[in-house]
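*Asks:* What follows is a predicted structure for the sequence shown.
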Amino acid sequence: MRRVRKAVLPVAGLGTRFLPATKAMPKEMLTVVDRPVIQHAVQEALDSGIEQLIFVTGRGKTAIEDHFDHAFELESTLQSRGKLDALQTVEATNFPPGTIAYVRQQEPLGLGHAVWCARHVIGDEPFAVMLPDDVILGGPPCLSQLLDVYKGLDQSDGASANLIGVEAIELALSRKFGVLDVGQWDSEQRSFSAKGIVEKPEPEDAPSNMAVFGRYILDPSVLTYLDRQERGAGDEIQLTDAIDASIKHGVPTYGRLCEGRRFDCGSKQGFVLANVAYALQDSEISGRLKPAIRALLDDD
């Protein structure tokens, strides 16, 4: 099985659900406690052994590029004032040249289109896709969990495979997700083979309750199906449609139930819950935060 070295992070969305906060700031730069949402995904990727990050950006996203670049004046000021802990925190967002590549998605044509925009940087090798809106707390890094299963897949002919992070949902929510058609379970690996995938099915048409969220490891053949630029649900180019096409053409595909709690930071409720959950694990503020939350609840 070929090693997964690259991860694609689509960050071109407008973040309309967070207006006016996102009028002049990318939604990915909204903070969960003291780290931007995008930094949680980047750290997860690096902790999982990813070597190159490919950001698919759009207009108004330069703050993301600046965040992962040197801030010479700030670093110099922190150094001169002896604020070494703060300096170390800032320097942790700097990466060697070539670690991050940026490509532009000129039109909002869907997740599949965003991944397709990165095709020349991906090349002909398996790659990860990480949706930064999904922040996962607890357990080993989610992408690392997928990679552990991926490395153990028996592909003796040198072929690759698709492996997708999933969670169990109530069927009434199927309209919000891609849903996998479940094959054989492997309880030890918390994974299963997939016979197909459907984007946003009606509850009565959903093939299972195993819903896709924003962590994928994909065979590069998926890009050939995205080349067709075919529109799917919502009149967008859907990544799930390309994955389903690759399944139909014989690419082994699996789902993996990941440990940890996922927060959808693309929604207001998920974003607030993520902030509370991460804050409660922050040793600096959790002791004061718990009684403050109780007091707010008592006031209700």
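*Replies:* The structure has been received and is ready for your questions.
*Asks:* So which residues of the stretch 1-150 of the chain form strands?
*Replies:* Counting by DSSP state E, counting those that start in this stretch, one finds strands in the stretch 1-150 of the chain at the ranges 6-10, 31-32, 35-36, 52-57, 100-104, 127-130, 134-137.
*Asks:* V198 is nearest to which of those strands?
*Replies:* strand 127-130 (18.2 Å; Cβ to Cβ). Glycine gets a C-beta too; all of them are placed from N, C-alpha and C.
*Asks:* Please enumerate the helices of the stretch 1-150 of the chain.
*Replies:* 37-47, 62-67, 72-80, 84-91, 111-117, 119-122, 142-151 (DSSP state H, counting those that start in this stretch).
*Asks:* Now mean neighbour count, distance to A24 and mean pLDDT too, for the strands of the stretch 1-150 of the chain, in JSON lines please.
*Replies:* JSON lines is the format used below for the strands of the stretch 1-150 of the chain (neighbours: other Cβ atoms under 10 Å; distance: least, Cβ to Cβ, whole Å; pLDDT from 0 to 100):
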{"stretch": "strand 6-10", "mean neighbour count": "25", "distance to A24": "21", "mean pLDDT": "97"}
{"stretch": "strand 31-32", "mean neighbour count": "17", "distance to A24": "15", "mean pLDDT": "95"}
{"stretch": "strand 35-36", "mean neighbour count": "19", "distance to A24": "15", "mean pLDDT": "94"}
{"stretch": "strand 52-57", "mean neighbour count": "22", "distance to A24": "16", "mean pLDDT": "96"}
{"stretch": "strand 100-104", "mean neighbour count": "16", "distance to A24": "19", "mean pLDDT": "95"}
{"stretch": "strand 127-130", "mean neighbour count": "25", "distance to A24": "25", "mean pLDDT": "97"}
{"stretch": "strand 134-137", "mean neighbour count": "23", "distance to A24": "23", "mean pLDDT": "95"}
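*Asks:* closest to A92 out of the ones you listed?
*Replies:* Smallest distance to A92 across these (Cβ to Cβ): 10.0 Å, for strand 35-36.
*Asks:* Do you know the pLDDT at the closest residue to R2 other than its chain neighbours?
*Replies:* Leaving aside its chain neighbours, R2 sits nearest to P126 (5.5 Å; criterion: Cβ to Cβ, 6 or more residues apart in numbering). P126 carries a pLDDT value of 94.
*Asks:* i'd like the first residue to be 787 from this point on
*Replies:* Yep, numbering from 787; the last one is P912 now.
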